[in-house]
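Colleague: Got a predicted structure plus its sequence, pasted below:
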Amino acid sequence: MDFGSHPIDPANARGFAEALEGAARDYPSVFRGMENVRVQSLTEMRKTDPGAGPNVMGHSINDKRGPAPQGIYFNQMNFTSKAATDALALQRSRAGWSVPGSLTAKGTFYHEFGHQIGYRILADPKLCRELAKRIEEGRSPGR
């Protein structure tokens, strides 16, 4: 992950790095399928996500047919100050827009990585059937 071309607060960089290392360790096949994990400016982000605004923490391009290489992209402006990132996360969770801790650097990485996992489940008929089975089991009376 390149932090030099789009500098962010070192504490946020550590949060991204910790989450990235955990994802690579726990989900190597999903992680290997991604081509990019990077920080970019809002202007760059709008090239692949035209609706992106200053509130967007990041976005995920989930397949190789996307408008850019498959991966996770973070909005630089929301990670230049750890204190500001944490204050924004707290403010949005108090407003009911997000769950506590989800908009931190680490939380944002995990959220976007979840889109990568979800896409792979939905793109694989065998995994879709398994997911449907588990959901149905959860709905069964007596469970």
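Modeller: Cool, got the structure.
Colleague: residue ranges for the strands of the protein, please.
Modeller: With strands called from DSSP state E, the chain shows them at 36-40, 58-61, 71-75.
Colleague: can you put those strands in JSON lines and add mean neighbour count, mean pLDDT and distance to Phe109?
Modeller: Where C-beta positions appear, they are placed from N, C-alpha and C, glycine not excepted. Formatted as JSON lines, those follow (neighbours: other Cβ atoms under 10 Å; pLDDT from 0 to 100; distance: least, Cβ to Cβ, whole Å):
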{"stretch": "strand 36-40", "mean neighbour count": "21", "mean pLDDT": "93", "distance to Phe109": "8"}
{"stretch": "strand 58-61", "mean neighbour count": "22", "mean pLDDT": "93", "distance to Phe109": "8"}
{"stretch": "strand 71-75", "mean neighbour count": "23", "mean pLDDT": "94", "distance to Phe109": "7"}
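Colleague: Of all those, which one is nearest Leu122?
Modeller: Nearest to Leu122, of all these, is strand 58-61, at 13.2 Å by Cβ to Cβ.
Colleague: strand partners of the closest one, parallel vs antiparallel please.
Modeller: strand 71-75 (antiparallel) (DSSP bridges).
Colleague: how far off strand 36-40 does the strand it pairs with point, in degrees?
Modeller: Strand 71-75 and strand 36-40 are oriented at 10 degrees to each other (axes from the mean of the first three to the mean of the last three Cα atoms, to 10 degrees).
Colleague: can you list contacts of strand 71-75?
Modeller: Strand 71-75 is contacted from outside by 8, 16, 34-40, 42, 45, 48-49, 52, 54, 56-61, 105, 108-109, 112-113, 116, using Cβ atoms under 8 Å, 6 or more residues apart in numbering.
Colleague: Export the strands of the chain to a markdown table and append columns for distance to Glu137.
Modeller: Formatted as a markdown table, those follow (distance: least, Cβ to Cβ, whole Å):
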| stretch | distance to Glu137 |
| --- | --- |
| strand 36-40 | 34 |
| strand 58-61 | 28 |
| strand 71-75 | 31 |
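Colleague: quick one, which of those strands is nearest to Cys128?
Modeller: strand 58-61 (19.0 Å).
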